[in-house]
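>>> fold the following and give me the result.
(2 chains)
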Number of protein chains: 2
Amino acid sequence: MNDYAAGNGLINRRVLLTRAVRGGAVAGAGLLIPGVSQGRPDWMRRPGGPMSETGAPSNYEAHVVRRNIASRPGTAGSGASRTPLGHLDGIITPSRLHFERHHGGIPDIDPANHQLRIDGMVARPLLFSVEDLLRYPIVSRIQFLECSGNSSGLIRPKPAKLDVTALHGLVSCSEWGGVPLHYLLDEAGIKPEGKWVIASGADSAALNRSVPLDKVLDDAIVALYQNGERLRPANGYPMRLFLPGWEGNASVKWLRTLSVTDQPAMSREETSKYTDLRDDGTAHMFTFPMGVKSVITAPSPGIGMHEKGIYQISGIAWSGAGSITRVEVSADGGRSWAYAALDTHVLPQALTRFRIGWDWQGQDAVLLSRATDSLGNIQPTREQNMQGRARGSFYHVNAMQAWSVDESGALENTYV
Amino acid sequence: MNDYAAGNGLINRRVLLTRAVRGGAVAGAGLLIPGVSQGRPDWMRRPGGPMSETGAPSNYEAHVVRRNIASRPGTAGSGASRTPLGHLDGIITPSRLHFERHHGGIPDIDPANHQLRIDGMVARPLLFSVEDLLRYPIVSRIQFLECSGNSSGLIRPKPAKLDVTALHGLVSCSEWGGVPLHYLLDEAGIKPEGKWVIASGADSAALNRSVPLDKVLDDAIVALYQNGERLRPANGYPMRLFLPGWEGNASVKWLRTLSVTDQPAMSREETSKYTDLRDDGTAHMFTFPMGVKSVITAPSPGIGMHEKGIYQISGIAWSGAGSITRVEVSADGGRSWAYAALDTHVLPQALTRFRIGWDWQGQDAVLLSRATDSLGNIQPTREQNMQGRARGSFYHVNAMQAWSVDESGALENTYV
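Have a look, this model is predicted:
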């Protein structure tokens, strides 16, 4: 029993190594039969394809696309698409697979005809083109972005038959590069009465959100780069607000104006939407930082086990409040827990990859993960997370995700 | 003069802030004229485009592609394409822009019909499919990959009129995820006489290289993921060897066999190619770790200044031996030097972004950067780097790059 880190097959890393050396087919690797050689495949018999200006994924990976693409009825560009988390690994999300959530579609902006305007309670209103911004100091940081409506499937009374993409695919992680907003606001000169900044976008929705000035002066940037290249149109080209760790909707895309005010705008997106209704009739507004959270991405529904043996459980954890310090995994529905290994890069307000080995011998199981962040916040159970919500209130869900495993090796969303 | 960090306009970060607040149009930002509003652009008057399965860059960024695509005469798939470094920022290279260097073209490999064979001086030869490998512990790390022929343009006796892409575009940086090779070799059981591993690919060139066993057991991985998704075909799909910090050619793509031997294979790619010829008639083989290096990517040829004022000098530094600890920049051809700021993520064997402000008032200048790594290695001058090379010997060039600036704000490759 010393071989196991917790109940129902969770394995110590040390043990895995021992088993790998001693045990043989730990991961199904085939023993080579002497005298039988690998056939020389077709692709070694003739020259392959040429170099190109831009590369693309393999045709054998054509299924790895954004999914659950939904538009609101009667609208062309209000909806979302989700990152296929079950097919990805590591912490970076390829930009082509970054989740989308738009309210007026994706504008096709000519950067030569786009400027950021800073006005309101400032000494000197200013306009900034992309070329202007490139002459300020830029910072680049790997950080997650999450829609506060992510994981809202978990509020349903019965577990929906949804996979990890449909349930949790409104989170992605990129290297964001841009100009710290304090440079620009210092230059405009904030008047003493300024307390909020109203950010609005150049989409047809002219989406606007109110951001406390403290956050804007702390770590907000006007992002110009994503994963090394200029922002993609679906992520705000040519410039977006980026608020590390805060709900995605407030990181206004296609950023067009920043108006300094003494109070919030009380706009549609912070009153009708993105507000948390409570069962005592109150509405909690301006809940900005995303809570500590984790989810096992593999195995998960549709990505199950095909035979008995040792598998790697892999998942992502993140917190708007800081770094991930610990992820625990259970294979027995929460009766026992083991520490997962955190992958090499554990960065503040970024996705953190966790992994733990699992010996699955065909038994029923319920897999769970629970993250803790650098402020000591612990991811809540679903029951804790639903406590006090008004019926249908679906923002800021960070409950633990449970996957049930049946004897065929298939997984399903479940509640514990 | 306290405003300056070194000669010819290099600026302290502190000073820039002061100037930004006090000086006004530090970066050309336009003062807003009261009463004149921004026109409402066309893209705010109608809904934008819909969500999609996969995203693409803006059409306004269509010029940001791999360049200097060269094939050897008479061959279809032997050549290279280069990362457009001057248009990128941060440390991640988008996978679609990762440099390419192929010897037999890009094979279109069906992962269901591809296996890695481990054989030679092992107790038990083994075969591993992609599905097998996914059941071993994976690690993900952000690390550069550089062709050892990168920067070879600097060996020319006269400075060639080439830009940063053409001169240095055979380096990129990704998050690489894969299985540490020590797991697989432990399972195969290395015999005591094993000292080298011969890696070969499933391309039509069946490219092979010899790697010392110590490196393979230290930090080599069989990479399956690049920037979160499966490897692209041009980077070895479905699996490649990845040797952190070592010359790119040895990180064999489309990895098909690993044979444990007691001596190197002395293959074409380590005798005729990728060997350093010296002017005393000797040939230095197996020079694996890439030297400490840096280059200013902006401004650079084609990415110059259009008016007088304050600019940001931005560049990348890296070392196969470890982390970057210091980058110095000169604007006067090496007479005086200032420390550049290193961006947030300074990771071992990864690109590190450096930046420093520069006040350009139309003067002639020669920009240089010089990196130091965590082992204390300092990037050599071109003269030092050329010392002792045989004529035409072009591998492992890590000389400082000098850009001359003329009064029009244009830059050119130059030697100092």
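>>> and the gap between residue A:132 and residue A:253?
Using Cβ to Cβ, to the nearest Å, we find residue A:132 at a distance of 19 Å from residue A:253. In this view, the C-beta of every residue, glycine as well, is placed from N, C-alpha and C.
>>> just list the residues touching the most centrally placed residue in chain A, thanks.
Taking Cα atoms, centre = their mean as the criterion, residue A:171 is the residue nearest the geometric centre of chain A, at 2.2 Å. The neighbourhood of residue A:171, defined by Cβ atoms under 8 Å, 6 or more residues apart in numbering or on different chains, consists of A:83, A:85, A:99, A:144, A:145, A:146, A:147, A:150, A:316, A:318, A:351.
>>> ok, so of the residues you listed, who is nearest residue A:176?
Nearest to residue A:176 among the contacts of residue A:171: residue A:145, at 8.1 Å, using Cβ to Cβ.
>>> can you name the element that comes right after whatever helix or strand residue A:185 lives in?
Using DSSP states H and E, residue A:185 sits in helix A:181-188. Counting by DSSP H and E, the element after helix A:181-188 in chain order, helix or strand, is strand A:196-201.
>>> report the angle between that next one and helix A:181-188.
Per axes from the mean of the first three to the mean of the last three Cα atoms, to 10 degrees, the angle that strand A:196-201 makes with helix A:181-188 is 110 degrees.
>>> next SSE downstream of strand A:196-201?
strand A:208-212.
>>> what packs against the following helix or strand past that following strand?
For strand A:208-212, the following helix or strand on the C-terminal side (DSSP H and E) is helix A:213-218. Contact here means 3 or more Cβ pairs under 8 Å, 6 or more residues apart in numbering or on different chains; DSSP states H and E; on that basis helix A:213-218 packs against helix A:181-188, strand A:196-201.
>>> nearest to residue A:209, of these?
So among the helices and strands packed on helix A:213-218, strand A:196-201 is nearest, using Cβ to Cβ, at 5.6 Å.
>>> any part of that closest one near chain B?
No: Strand A:196-201 lies out of reach of chain B by Cβ under 8 Å from any Cβ of the partner chain, never closer than 8.8 Å.
>>> what angle sits between that strand and strand A:208-212?
Using the same axes, to 10 degrees, strand A:196-201 lies at 150 degrees relative to strand A:208-212.
>>> contacts for strand A:196-201, please.
A:120, A:185, A:206-213, A:216, A:236, A:241, A:250, A:252-265, A:267.
>>> circling back to that earlier point, ok, and the closest non-adjacent residue to the residue nearest to the centre of chain A?
By the measure of Cβ to Cβ, 6 or more residues apart in numbering or on different chains, the closest residue to residue A:171 outside its immediate chain neighbours is residue A:146, 4.1 Å from it.
>>> by contact count, what packs against the one helix or strand residue A:312 maps to?
Using DSSP H and E, the element containing residue A:312 is strand A:309-318. With contacts defined as 3+ Cβ pairs under 8 Å, 6+ apart, the packing partners of strand A:309-318 are strand A:171-180, strand A:293-298, strand A:324-330, strand A:352-360, strand A:365-373.
>>> for it, which strands pair with it and how are they oriented?
strand A:293-298 (antiparallel), strand A:352-360 (antiparallel) (DSSP bridges).
>>> now the angle from that strand to strand A:324-330?
140 degrees.
>>> who's residue A:242 bridged to?
The partner residues for residue A:242, given DSSP bridges, come to residue A:221.
>>> that one is in contact with residue A:176, isn't it?
Yes: Residue A:242 is within contact range of residue A:176, at 5.1 Å (criterion: Cβ atoms under 8 Å).
>>> which one's more surrounded, those two?
Set residue A:242 next to residue A:176 and count neighbours by other Cβ atoms under 10 Å in any protein chain shown: residue A:242 wins out with 30 against 25.
>>> and that one, how far from residue A:144?
The gap separating residue A:242 from residue A:144 is 11 Å, by Cβ to Cβ.
>>> do the same with residue A:406
For residue A:406 relative to residue A:144 (Cβ to Cβ), the value is 32 Å.
>>> which of the two has more neighbours?
Neighbours per residue (other Cβ under 10 Å) separate residue A:406 from residue A:144, with residue A:144 holding more: 25 against 13.
>>> what is the neighbour count of the residue nearest to residue A:389 when sequence neighbours are not counted?
Residue nearest to residue A:389 in three dimensions, not counting chain neighbours: residue A:279, with 6.3 Å by Cβ to Cβ, 6+ apart. As a burial measure, residue A:279 scores 12 neighbours (other Cβ under 10 Å).
>>> confidence score at residue A:279?
The per-residue pLDDT reported for residue A:279 equals 95.
>>> which stretches of chain A have low pLDDT?
A:1-2, A:13-38 (pLDDT under 70).
>>> circling back: I'd like the helices and strands packed on helix A:213-218 laid out as JSON lines, including mean neighbour count and distance to residue B:200.
Output for those, formatted as JSON lines (neighbours: other Cβ atoms under 10 Å in any protein chain shown; distance: least, Cβ to Cβ, whole Å):
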{"stretch": "helix A:181-188", "mean neighbour count": "21", "distance to residue B:200": "52"}
{"stretch": "strand A:196-201", "mean neighbour count": "24", "distance to residue B:200": "52"}
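>>> want to throw these into TSV with distance to residue A:226?
What follows is those, written out as TSV (distance: least, Cβ to Cβ, whole Å):
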stretch	distance to residue A:226
helix A:181-188	17
strand A:196-201	16
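>>> these: which one's closest to residue B:160?
helix A:181-188 (37.5 Å).
>>> what's near enough to touch the residue nearest to residue A:171?
So, once contact is read as Cβ under 8 Å, 6+ apart, residue A:146 ends up touching A:170, A:171, A:172, A:247, A:248, A:290, A:318, A:320.
>>> of these - the most surrounded one?
In those, the most neighbours by other Cβ under 10 Å go to residue A:318, 29 neighbours.
>>> for that one, what are its contacts?
A:144, A:146, A:171, A:173, A:290, A:292-294, A:324, A:349-352, A:371.
>>> now do 7 Å
A:144, A:293, A:324, A:350, A:351, A:352 (Cβ atoms under 7 Å, 6 or more residues apart in numbering or on different chains).
>>> follow-up on the earlier one: between the strands paired with strand A:309-318, which gets nearest to residue A:39?
strand A:293-298 (30.5 Å).
>>> and that closest one, how far from the chain's centre?
11 Å (Cα atoms, centre = their mean, to the nearest Å).
>>> export that strand to CSV, keeping only CA atoms.
Taking Å, rounded to 0.1, in the frame of the first residue of the first chain, the C-alpha atoms of strand A:293-298 are listed here in CSV:
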residue,chain,number,x,y,z
LYS,A,293,-10.2,27.0,-9.5
SER,A,294,-9.0,23.7,-11.1
VAL,A,295,-10.3,21.1,-13.4
ILE,A,296,-9.0,17.7,-14.6
THR,A,297,-8.8,18.0,-18.4
ALA,A,298,-7.7,14.4,-19.1
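>>> what's the angle from it to strand A:171-180?
Using the same axes, to 10 degrees: strand A:293-298 against strand A:171-180 is 130 degrees.
>>> can you tell me which of the helices and strands packed on helix A:213-218 comes nearest to residue B:380?
helix A:181-188 (35.7 Å).
>>> near chain B at all, that closest one?
Yes: using Cβ under 7 Å from any Cβ of the partner chain, helix A:181-188 reaches chain B at A:183, A:186, A:187.
>>> one more: stretch A:104-121?
Yes: Stretch A:104-121 is in contact with chain B by Cβ under 7 Å from any Cβ, via A:104, A:105, A:106, A:107, A:108, A:109, A:110, A:111, A:113, A:115, A:117, A:119.
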